[in-house]
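S.K.: Structure, please.
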Amino acid sequence: MTRLLLIETSTELCSAALSEDERVICYRESSAPKAHAAMTAVYVKEILDSTGLSAAGCDGVCVSMGPGSYTGLRVGVSTAKGLCFGSGIPLLAVGTLDVLVWQAIIGQALPEGCRYIIPMIDARRMEAYTAVFDTEGKQIRETRPEILSEDSFREYLNDGSVLFIGDAAGKASDVIVHPEAHFLNCCPKASSMAIPALAEYKEKRFKDVAYFEPFYLKEFVATVSRKKLF
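M.R.: Numbers count the residues shown, from 1 in each chain. Next up, the predicted model:
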């Protein structure tokens, strides 16, 4: 049996879980604003306490690595690294878009006759971080930023039913009008990470605890507040 701690903090939802093989046995989440820094480590402790385990008693920690919120990703990766460094267990990572795809698959959210799953993370304005997957979870188009318009993903929509899933699906539904387009607006959850995390563990695709960085896709740009502080 493989036990993995799972951490997902890439969007507004902060969540953590513990899996045994492909089954999630404990889960915590919060959608409170800016809960990531305050709650991620707390959730991990609650999960370990409730199951009677220590971090060292797990086989690894898997974190959702992005793309997504710069701050959220930093919190999640930092927490995962701390757990791995302190307990001597491996660090694993899965793409946030992969998490959304498995959320659709295991949640049986695919529309009838679905050909493609297009996960999308909000990148502000009418932009989203997206990729294209088949219904077995295999990525068939690279991850990239996409300016959403009425012509977005038309070649896939013309080929059959498509599920758009993620926290950008709502705004996508405002501009992508097509009879084969289906939308599920939601955030990725740690409870959807068990299957891809287990695959990473079995293939021993461990990350370097010292040097691993989140997949931001875009560089973080700091802005100066217009409010006068003094």
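
S.K.: Would you map out the domains in the protein?
M.R.: If you go by automatic domain parsing, the domain ranges for the chain are 3-95+189-202, 108-185.

S.K.: So which of these is the most surrounded?
M.R.: Neighbour counts (mean count of other Cβ atoms under 10 Å) averaged over each of those peak at domain 3-95+189-202, with a mean of 21. Yep, even glycine has a C-beta here, placed from its N, CA and C like the rest.

S.K.: for residue 142, what are its contacts?
M.R.: Taking Cβ atoms under 8 Å, 6 or more residues apart in numbering, we find residue 142 in contact with residue 131.

S.K.: got TSV for the domains of the chain, with distance to residue 218 and mean pLDDT too?
M.R.: Below are those laid out as TSV (distance: least, Cβ to Cβ, whole Å; pLDDT from 0 to 100):
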stretch	distance to residue 218	mean pLDDT
domain 3-95+189-202	8	97
domain 108-185	7	97
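
S.K.: Of all these, which one comes closest to residue 212?
M.R.: Closest of the domains of the chain to residue 212 is domain 3-95+189-202, at 6.3 Å (criterion: Cβ to Cβ).

S.K.: Now do the strands in this structure.
M.R.: Applying DSSP state E to the chain gives strands spanning 3-8, 14-20, 23-30, 60-64, 91-94, 114-122, 127-133, 139-147, 161-166, 181-185.

S.K.: ok, the second one: who's next to it in the sheet?
M.R.: Next to strand 14-20 in the sheet, as set by DSSP bridges, lie strand 3-8 (antiparallel), strand 23-30 (antiparallel).

S.K.: Out of the ones you listed, which gets nearest to residue 40?
M.R.: Judging those by Cβ to Cβ, what sits closest to residue 40 is strand 3-8, at 6.5 Å.

S.K.: so residue 8 bridges to which residues?
M.R.: Beta-bridge partners, per DSSP bridges, of residue 8: residue 15.

S.K.: coming back round to it: for residue 206, find the nearest of the strands paired with strand 14-20.
M.R.: Residue 206 lies closest to strand 3-8 among these, at 12.1 Å (Cβ to Cβ).

S.K.: So which of the strands paired with strand 14-20 is nearest residue 86?
M.R.: Taking those one by one with Cβ to Cβ, strand 3-8 is closest: 12.2 Å.

S.K.: For that closest one, list the C-alpha coordinates in CSV.
M.R.: Taking Å, rounded to 0.1, in the frame of the first residue of the first chain, the C-alpha atoms of strand 3-8 are listed here in CSV:
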residue,chain,number,x,y,z
ARG,A,3,0.3,6.4,1.3
LEU,A,4,0.7,9.9,-0.1
LEU,A,5,0.0,13.3,1.3
LEU,A,6,-1.6,15.5,-1.4
ILE,A,7,-1.5,19.3,-1.4
GLU,A,8,-3.4,21.6,-3.8
